[in-house]
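In: coords please:
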Amino acid sequence: MDELEDSLEREKKLRTDVEKAKNKVEGDLKLSQDACQELERNKKELEQAIQRKDKEVASVNAKIEEENALIAKLMRQIKELQVKTRS
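Out: Residues are numbered from 1 along each chain as shown. I've put the predicted structure just below:
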């Protein structure tokens, strides 16, 4: 009888230990899932920021091209006027 009671106690202790381990793993999983969701949100925000910056860079590049085209046009006009004034 004592042997059965000891076996029952060991089984209860084992069951308790398994339950504690399960709860710990579930808690760790929840923390990991929360951290993963936060990382996903951060990733999405960073991707949006990159898209905004890419648009800004494209806009600035277009403006630079326009300015360069205007400079080239004005340089041609200056050269033309210099040729006219020398003649």
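
In: how far away is the residue nearest in space to the middle of the chain from residue 84?
Out: Geometric centre of the chain, nearest residue: residue 43, 2.4 Å, by CA atoms, centre = their mean. Taking CB to CB, to the nearest Å as the measure, residue 43 falls 61 Å from residue 84. For every residue, glycine as well, the C-beta is placed using N, CA and C.

In: now swap in residue 48 and tell me
Out: For residue 48 relative to residue 84 (CB to CB), the value is 54 Å.

In: show me the shaky parts of the chain.
Out: Along the chain, no part satisfies pLDDT under 70.

In: the helices in it, which residues?
Out: For the chain, the helices defined by DSSP state H occupy 2-86.

In: what's the burial count for residue 52?
Out: 10 (other CB atoms under 10 Å).

In: then the one 5 residues further on?
Out: With neighbours defined by other CB under 10 Å, the count for residue 57 comes to 10.

In: now do residue 48
Out: Neighbours of residue 48 using other CB under 10 Å come to 10.

In: what of residue 45?
Out: Neighbours around residue 45, by other CB under 10 Å: 10.

In: that one and residue 18, how far apart?
Out: In terms of CB to CB, residue 45 sits 41 Å off from residue 18.

In: and residue 39, by the same measure?
Out: On the measure of CB to CB, residue 39 and residue 18 end up 31 Å apart.

In: and if you look at residue 65?
Out: Taking CB to CB, one finds residue 65 at 69 Å from residue 18.

In: cool, residue 10 as well?
Out: 12 Å.

In: again, but for residue 12
Out: Residue 12 is 11 Å from residue 18, by CB to CB.

In: and if you look at residue 68?
Out: In terms of CB to CB, residue 68 sits 73 Å off from residue 18.
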